[in-house]
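Enquirer: Model the following, please.
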Amino acid sequence: MDTDQESTCLKPEAAETGLMSNQKTISACAKACNIDPRLIECIYPAHPEQEHRMNHHIHNGTYFEQMVLQFDHMASVQQQKFLIKVIDTIRIKNYILRTRLVKRENTVYEVVLKERSPWTTEDYLKGYFRKNINVRMGYGSELCRYALLGDEHGETFFIWTGMTSRSIFDDLQQACSDLRSFSNMNLRMQYSEYVAWTRSCNLASALHFWRSRYSFFKQLDFEFPNFGPPKFSTMSDAQALHTLHFPMQENRPNISLSVIGHAAWALTVYEECGSSDVDFISMSPGIERIMGPVSARVPIRITFDKDMTTGGLLKIIGYQLLSMVGVEHYAVRALRGQGFNWKSVTQGVFQWHPLRSDVFNKMIVCHDKDAALATLRFRQDLSTPANHDYGLMVDIWEEDGYISINTSWNSQLLEWRKVDHLIKRFTTLFTLIVNGHGETVGELIGHCNGVEGEATGFTTSLSTLRHSSTEFEGFSN
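Expert: Numbering: from 1, shown residues only. The predicted model follows:
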């Protein structure tokens, strides 16, 4: 990914001798952020996905979350100071964590600041939650906030409000292991470089790819789940988390679990829709090593036949996922431009996260020589997940020997019984494919009808069910 990052950067020192319009942009961004212009490090054009998520967050409370990690004992002053130093270092190495969004004259900018981490330390856990229950991000405000707090039992908690991703946990673990070595590491690719790359891509080629792929279909009508015409702004307000454990089988197909998962979901959609022509939206996780919203919505489309072999189905899905690399970010734009019905882009989405990215089972071990040994465990019961603007999202987090299935949905559009049915069908079909049962699609469905909920060698547990995000005392998204 080659980009000229500096060419898109507007710096205050350059604006002093540059165009009057640049000077006005610097002043306007500083005013919107309520800061001294000298604290601005650089200004970049924002990505449309950033503007989309911010607007939804402002109007509906979506896309931002609160992550809570608990120390295994009361943290000492030394350990707290070390963690603050760790976060400051991570922010220095990741511009997106020091970024605020500013909207000026219908253009959204990323404003990177030279500032220390905004911390809250003089409060207790419950008091912090109560005070922040209705606080939202906005244009010009901090997009990440941090707190080190205690509770009435003498426990210590680290709270990160804003954007959470696998990369943040990776950086936390590396920095807590050896902060000096982490500080000397080269900068990872920055989000502004990703934005510049998307702007430099050959749009004509990307549009041609998507239009050619679907030109032979007479109708492209994404209708899963079929919620009907949206009558209000969609926002998830219910969540369920399942864990599916599975042993490693000798006859398991020599193919990635991501492809198997997509095949199992495609079969679930096939049975639900009762149509041989099946399509659903997959959310590409994007480039895992870049912090920031880099995901893309892509259509997976299959024409089923009961005589289709399981191997053939896996090859079709694997080819589709591989061939769209590099152009996935243009799918919505290309197909919507052809007049296709994409209303369920905001309704049903499937997403598979790569191996060892399960945030619900993360644990950070601090063993840097300058800090006392400590362990921070993710507290899912205290954390508040990010709401989203999809009617249904099935998030799969892959780990060694199990997958976590995090399903979130809008309870006004979809009943829990329907969600439960879909997940049971998915897990059973996933089990059958991994175990090598069913040579054809018809055999797989036949086996599924006979063993649903009794998948051999697998255990499924429902660990969390949230019928409404307002039931939980925590940060309101």
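
Enquirer: When you work out contacts or count neighbours from here on, use the C-alpha atoms and nothing else.
Expert: Noted.

Enquirer: Where do the strands of the stretch 251-400 of the chain begin and end?
Expert: 277-284, 296-303, 348-353, 363-366, 374-378, 392-399 (DSSP state E, counting those that start in this stretch).

Enquirer: Out of those strands, which is closest to residue 208?
Expert: Nearest to residue 208, of all those, is strand 296-303, at 14.8 Å by C-alpha to C-alpha.

Enquirer: Give me the angle between that closest one and strand 348-353.
Expert: 110 degrees (axes from the mean of the first three to the mean of the last three C-alpha atoms, to 10 degrees).

Enquirer: Need the CA coordinates for strand 296-303. PDB is fine.
Expert: Extracted C-alpha coordinates of strand 296-303, given in PDB (Å, rounded to 0.1, in the frame of the first residue of the first chain):
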ATOM      1  CA  ALA A 296     -16.200  -2.900   4.100                       C
ATOM      2  CA  ARG A 297     -19.600  -4.500   3.200                       C
ATOM      3  CA  VAL A 298     -19.400  -7.000   0.400                       C
ATOM      4  CA  PRO A 299     -22.100  -9.300  -1.100                       C
ATOM      5  CA  ILE A 300     -21.700 -13.100  -1.100                       C
ATOM      6  CA  ARG A 301     -23.900 -14.600  -3.800                       C
ATOM      7  CA  ILE A 302     -24.500 -18.300  -4.500                       C
ATOM      8  CA  THR A 303     -27.000 -20.200  -6.600                       C
END
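
Enquirer: So what touches that strand?
Expert: 266, 276-286, 316-317, 320, 328-329, 331-332, 345 (C-alpha atoms under 8 Å, 6 or more residues apart in numbering).

Enquirer: coming back round to it: got the strands of the stretch 251-400 of the chain as a markdown table, with distance to residue 243 and mean pLDDT columns?
Expert: Formatted as a markdown table, the strands of the stretch 251-400 of the chain follow (distance: least, C-alpha to C-alpha, whole Å; pLDDT from 0 to 100):
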| stretch | distance to residue 243 | mean pLDDT |
| --- | --- | --- |
| strand 277-284 | 20 | 81 |
| strand 296-303 | 25 | 82 |
| strand 348-353 | 14 | 86 |
| strand 363-366 | 17 | 86 |
| strand 374-378 | 16 | 90 |
| strand 392-399 | 9 | 88 |
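
Enquirer: Out of those strands, which is closest to residue 145?
Expert: Comparing these by C-alpha to C-alpha, strand 374-378 comes nearest, at 17.0 Å.

Enquirer: rewinding a little: turn the strands of the stretch 251-400 of the chain into a markdown table, including distance to residue 172 and mean neighbour count.
Expert: A markdown table is the format used below for the strands of the stretch 251-400 of the chain (distance: least, C-alpha to C-alpha, whole Å; neighbours: other C-alpha atoms under 10 Å):
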| stretch | distance to residue 172 | mean neighbour count |
| --- | --- | --- |
| strand 277-284 | 24 | 21 |
| strand 296-303 | 26 | 19 |
| strand 348-353 | 19 | 22 |
| strand 363-366 | 7 | 20 |
| strand 374-378 | 10 | 18 |
| strand 392-399 | 19 | 22 |
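
Enquirer: Correct me if wrong: residue 365 contacts residue 173.
Expert: Yes: assessed by C-alpha atoms under 8 Å, residue 365 is found in contact with residue 173 at 6.6 Å.

Enquirer: thinking again about what came up before, can you add distance to residue 237 and give the strands of the stretch 251-400 of the chain back as a markdown table?
Expert: A markdown table is the format used below for these (distance: least, C-alpha to C-alpha, whole Å):
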| stretch | distance to residue 237 |
| --- | --- |
| strand 277-284 | 19 |
| strand 296-303 | 21 |
| strand 348-353 | 14 |
| strand 363-366 | 27 |
| strand 374-378 | 22 |
| strand 392-399 | 10 |
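
Enquirer: Of those, which is nearest residue 45?
Expert: When the strands of the stretch 251-400 of the chain are ranked by distance to residue 45, counting by C-alpha to C-alpha, first place goes to strand 296-303 at 18.9 Å.

Enquirer: That closest one: partners in the sheet, and parallel or antiparallel?
Expert: Sheet pairing of strand 296-303 (DSSP bridges) gives strand 277-284 (antiparallel).

Enquirer: which residues sit against the partner strand?
Expert: Counting by C-alpha under 8 Å, 6+ apart, 222, 224, 266, 269-270, 295-304, 328, 345, 348-352 sit against strand 277-284.
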